[in-house]
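In: this one's sequence-less:
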């Protein structure tokens, strides 16, 4: 697993949750429907964050996450704003 050694940007109350995500965290991802289909509020999946990719204007602001689905191990890239929750460590 890759380790993100960069310092995270400070997060203020009211900021989007994805600003505090770092590599190694487990997150809940909202599943977006295909074009022309209805959004199902219960449509989500859990993933481990492998890599955090920053934006072009500010590399410290995450825009893309490389994640591995915890159910089937599929690795894919997602937009950072699809993260709805961070799963706490036990």
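Out: Sure, I can see it. Treat the numbers as computed from the prediction; the structure is a model and nothing was measured.

In: Sketch out the helices for the chain, chain order is fine.
Out: Counting by DSSP state H, one finds no helices in the chain.

In: Longest strand in it, by number of residues?
Out: For the chain, the longest strand by residue count, based on DSSP state E, is strand 44-54.

In: Just name whatever secondary elements that one is in contact with.
Out: Where contact means 3 or more Cβ pairs under 8 Å, 6 or more residues apart in numbering; DSSP states H and E, strand 44-54 is packed against strand 26-30, strand 62-69, strand 75-79. (Glycine included, C-beta is placed from N, CA and C.)

In: got any ranges where the chain has weak pLDDT?
Out: Residues of the chain that meet the criterion pLDDT under 70 lie in 1-11, 33-42.

In: now do 90
Out: Where the chain drops to pLDDT under 90, the residues are 1-20, 30-44, 55-56, 58-61, 88-90.

In: In this structure residue 71 contacts residue 48, no?
Out: No - the criterion here is Cβ atoms under 8 Å, and residue 71 misses it with residue 48 at 11.1 Å.

In: Between those two, which is the more surrounded one?
Out: Between residue 71 and residue 48, counting by other Cβ atoms under 10 Å, residue 48 is the more crowded of the two (18 against 9).

In: Quick check: bridge partners of that one?
Out: Beta-bridge pairing for residue 48 (DSSP bridges): residue 26, residue 68.

In: right, and it touches residue 73 too?
Out: No - counting by Cβ under 8 Å, residue 73 is not a contact partner of residue 48; they are 9.6 Å apart.
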